[in-house]
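K.L.:
any chance you could fold what I've pasted below:
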Amino acid sequence: MKVDYVKAFKCAVSCQEIYQDFSKLTFSDCNDQQILISKDSTDTQTAILTKASEITIVFRGSNSYFDWKTNFDTKQNQKEFDQTIIHQEIVDQNEKVYPYNNKNSSGVLMHRGFVNAYFSVREQIHEYIKDKNSVNVTVTGHSLGGALATLCAVDIQYNFGNQLSSIEAYLFGAPKVGNKSFRESYNQRVPNTYRFIYGMDLIPELPRWWQGYQPVDQELRIGSRFSWNFISSRFNNHAIIKYIDFLKEASISSRS
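P.N.:
Sure, this is the predicted structure:
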């Protein structure tokens, strides 16, 4: 698979920028217009950025990530991360649902927590896209934002596929979203997906396969998968800055 590392780097930077103060947020890679959407009821934030015929939709992950340092100082840091991010937001809401009103005959099931979060901003995204034609749409997100970006990408393709010139998804450290049927449907509808995993990042392994979850294609492993401090690396490899630093170098190399 040929990867546009320059675009991947720009998407990763946008995923970092969306962690900043949402009320004062200005993205560096946006020439025409930016629309900020925030839903307090689900703590979901997304941004729609336009540049000529290019539309980029950026989803914010957990608010906690903006405050987390690349390296954990104590075991208590790791414990708090595990409890607030993994168990409460990924594992505890792992019931799979079919979110649409019509009868589900496809067997596709998705993570209830992620579906609820995405559906809280879905209508505004649809309103923006419905009158657009011949546009290139890129959907991106880090961590939980990557899960929402996954749902958004397949949703937009399903509902607006005839209006799009292209649709791509750039996902960074994203958890799994649905079951095998969801994966098969997604892979067919959004084949231009680049699911980056840095080093030993733990989050893309969640929820677990034995809970019925499978990752979407295509997986792109970057960074080293070896560390003397195995436990710490499982967490700190998830930081968005790790992805940015690697992709920055990869983008420079791809231009030379």
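K.L.:
any idea how far Ser23 is from Ala153?
P.N.:
27 Å (CB to CB, to the nearest Å). For glycine as for every other residue, the C-beta is placed from the backbone atoms N, C-alpha and C.
K.L.:
scratch that, Ala8 is what I was asking about
P.N.:
Distance from Ala8 to Ser23, by CB to CB: 28 Å.
K.L.:
neighbour count winner among Ala153 and Ser23?
P.N.:
The neighbour count for Ala153 versus Ser23, taken as other CB atoms under 10 Å, is higher for Ala153 (27 against 7).
K.L.:
now do the same contact list for Tyr128.
P.N.:
Ile35, Ile48 (CB atoms under 8 Å, 6 or more residues apart in numbering).
K.L.:
element containing it, please.
P.N.:
Per DSSP states H and E, Tyr128 falls inside helix 112-129.
K.L.:
let's see that helix as CSV, backbone CA atoms only.
P.N.:
C-alpha atoms of helix 112-129 as CSV (Å, rounded to 0.1, in the frame of the first residue of the first chain):
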residue,chain,number,x,y,z
ARG,A,112,-22.5,1.3,22.0
GLY,A,113,-20.4,4.0,23.6
PHE,A,114,-18.7,5.0,20.3
VAL,A,115,-22.0,5.0,18.5
ASN,A,116,-23.7,7.2,21.0
ALA,A,117,-20.8,9.7,20.9
TYR,A,118,-20.8,9.8,17.1
PHE,A,119,-24.5,10.1,16.8
SER,A,120,-24.5,13.2,19.0
VAL,A,121,-22.6,15.1,16.2
ARG,A,122,-23.8,13.2,13.2
GLU,A,123,-26.7,15.4,12.1
GLN,A,124,-24.5,18.5,11.9
ILE,A,125,-21.9,16.7,9.9
HIS,A,126,-24.6,15.5,7.5
GLU,A,127,-26.0,19.0,7.2
TYR,A,128,-22.7,20.3,6.1
ILE,A,129,-22.0,17.6,3.5
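K.L.:
how about Met1: what's its closest non-neighbour residue?
P.N.:
Nearest non-adjacent residue to Met1, counting by CB to CB, 6 or more residues apart in numbering: Gln218, 5.6 Å away.
K.L.:
for the one you found, what are phi and psi?
P.N.:
phi -100, psi 140 (degrees, to the nearest 10).
K.L.:
next, count neighbours for the nearest residue to Gln163 once chain neighbours are set aside.
P.N.:
Nearest residue to Gln163, sequence neighbours excluded (CB to CB, 6+ apart): Asn133, at 5.1 Å. Neighbour count for Asn133, taken as other CB under 10 Å: 11.
K.L.:
my guess is Asn133 contacts Phe160. True?
P.N.:
No - taking contacts as CB atoms under 8 Å, Asn133 lies outside contact range of Phe160: 9.4 Å.
K.L.:
confidence score at Ser105?
P.N.:
pLDDT recorded at Ser105 is 64.
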